[in-house]
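Colleague: any chance you can model this:
(one chain, ligands or ions: 3)
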Amino acid sequence: MQTLAQTLATQAIPASLAQLLQTLASTSVAISNAVRRGALAGVLGSTDHENVQGETQKKLDVITNEMLKDALRADGTVRALASEEEDFPVVLGDHGDYLVCFDPLDGSSNIDINSLVGTIFSVLPAPQGEVNEQSFLQSGRHQVAAGYVLYGPATMLALTTGHGVQLFTLDPQSGEYLLTNPAVSIPKDTAEFAINMSNQQFWEAPMQTYIGDLLLGKIGPREKSFNMRWIAAMVGDVHRVLSRGGIFTYPTDHKNPQKPYKLRLMYEANPMSLLVEQAGGKSSTGYQDILDIQPQAIHQRVAVILGSANEVATCLEYHSLDYSEEPEL
Ligand code: AHG
Ligand code: MN
Ligand code: MN
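Modeller: Numbering: from 1, shown residues only. Ligands and ions are numbered 1, 2, ... in the order given. You can find the predicted model right below:
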């Protein structure tokens, strides 16, 4: 089986990008080991600190953030990074062609129950001259690479450099990522959806109606039964979508009027959207392709609907209807 290095060598990408991706991959092997040792390494539980999102950081959020920061600083190809766990961008040096955005540990509420977590990353070109927060505010179409690592029963890396999506499985014996799926393709149709149903009363009319119709199954307008899954870690849910299709959404909700969206554009929605598009799927807010959004801030949040192309298109049809005549939901 091809190694990650051998696979990257077949893609028309700069040597500096291949080096950066190798660095991210080898850091993820170390993260995988830390996650796997869990309580034995004393890494479970929370800190007494909140991140810029107002969320209490888990010990592993902090540890994995430091591991990635240290590795990218040593790598030399990265000018600056933006992380879920850093209030501001961190400038690493005057050299290097890239900016990296990452969620060091996605699904961290799963950590203490020994369930799925992962790392998500997005690579953008660095501009000439000085870098600052503004330098990161490029739409997702500018990403030169994106991927995630899923720390599951097997540790897996999903990667795109704009040449489709490749899936690698970590061989724990050799510590190498080996190519296990060279061309991921998301089925166009699906009968599986992923949404946090507990927020239902707070959704807007299009999502209420769409999910309502899925739940009606064979007796509803869709005339087929749908299954539901929710892992509470975007990496896990998106991995399932890449593996067997599906629609995943974290839509707008009005539970907390200060926070109508949950997922972060720069290091969750954008990299996952590039992977999904490169695997033949679709990704939207309901009204715009996620990859076309002009970011306003590095920690901005966004509504996400992604997955099997035909099912996302159906969901978007619900968003194009006029609900103004509908009774208050
Ligand atoms: P993070 O752990 O990086 O803050 O991200 C968690 C996100 C995402 O991974 C997941 O899809 C969603 O939050 C889960 O939300 P609920 O807690 O509402 O299930
Ligand atoms: Mn996350
Ligand atoms: Mn996180």
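Colleague: can I assume residue 111 sits in a helix?
Modeller: Yes. Assigned with DSSP: H, G, I helix; E, B strand; the rest coil, residue 111 falls within a helix.
Colleague: from ligand 1, how far out is it?
Modeller: For residue 111, the distance to ligand 1 equals 9 Å [Cβ to the nearest ligand atom, to the nearest Å]. Glycine gets a C-beta too; all of them are placed from N, C-alpha and C.
Colleague: next up, the contacts around that residue.
Modeller: Residue 111 makes contact with 35, 44, 58, 60, 105, 117, according to Cβ atoms under 8 Å, 6 or more residues apart in numbering.
Colleague: quick one: mean pLDDT for stretch 209-222?
Modeller: Averaging pLDDT along stretch 209-222 yields 98.
Colleague: where exactly do the helices run in the stretch 151-300 of the chain?
Modeller: 205-216, 234-244, 270-278 (DSSP state H, counting those that start in this stretch).
Colleague: now rank the contacts of residue 111 by neighbours and give me the top one.
Modeller: residue 105 (30 neighbours; other Cβ atoms under 10 Å).
Colleague: re the thing from before, lowest-confidence one in the contacts of residue 111?
Modeller: Lowest pLDDT among those: residue 44, 79.
Colleague: doesn't it belong to a helix?
Modeller: No. Residue 44 sits outside any helix when classified using three-state DSSP, being coil.
Colleague: so it touches residue 108, yeah?
Modeller: No. At 10.7 Å, residue 44 and residue 108 do not qualify as touching, with contact defined as Cβ atoms under 8 Å.
Colleague: residue 19 and residue 136, how far apart?
Modeller: 21 Å (Cβ to Cβ, to the nearest Å).
Colleague: so between those two, which is more surrounded?
Modeller: Counted by other Cβ under 10 Å, residue 19 and residue 136 do not tie: residue 136 has more neighbours, with 22 against 15.
Colleague: so how far is residue 81 from the more buried one?
Modeller: Counting by Cβ to Cβ, the gap from residue 136 to residue 81 is 9 Å.
Colleague: which regions of the stretch 201-329 of the chain sit below the pLDDT cut-off?
Modeller: 326-329 (pLDDT under 70).
Colleague: swap in 90 and give it another go.
Modeller: 257, 324-329 (pLDDT under 90).
Colleague: for it, which residue gets nearest to ligand 2?
Modeller: Closest approach between the stretch 201-329 of the chain and ligand 2, counting by Cβ to the ion: residue 268, at 5.2 Å.
Colleague: I'd guessed that residue sits against residue 237; true?
Modeller: No. If you go by Cβ under 8 Å, residue 268 and residue 237 don't touch, sitting 11.2 Å apart.
Colleague: neighbour count: the two, which is higher?
Modeller: Of the pair residue 268 and residue 237, residue 268 is the one with more neighbours under other Cβ under 10 Å, namely 26 against 23.
Colleague: quick one on the thing from earlier: shared neighbours of residue 136 and residue 81, anything?
Modeller: 89, 99, 101.
Colleague: of the residues you listed, closest to residue 207?
Modeller: Distance to residue 207 across those (Cβ to Cβ) is lowest for residue 101, with 26.9 Å.
Colleague: which residues does the closest one bridge with?
Modeller: Residue 101 has the following beta-bridge partners by DSSP bridges: residue 82, residue 122.
Colleague: contacts only, for it.
Modeller: 81-83, 121-122, 124, 136, 266-267, 270-271, 298.
Colleague: check the gap between it and ligand 2 for me.
Modeller: Residue 101 sits 12 Å away from ligand 2 when distances are taken as Cβ to the ion, to the nearest Å.
Colleague: ok, that residue to residue 70 distance?
Modeller: From residue 101 across to residue 70, the span is 17 Å (Cβ to Cβ).
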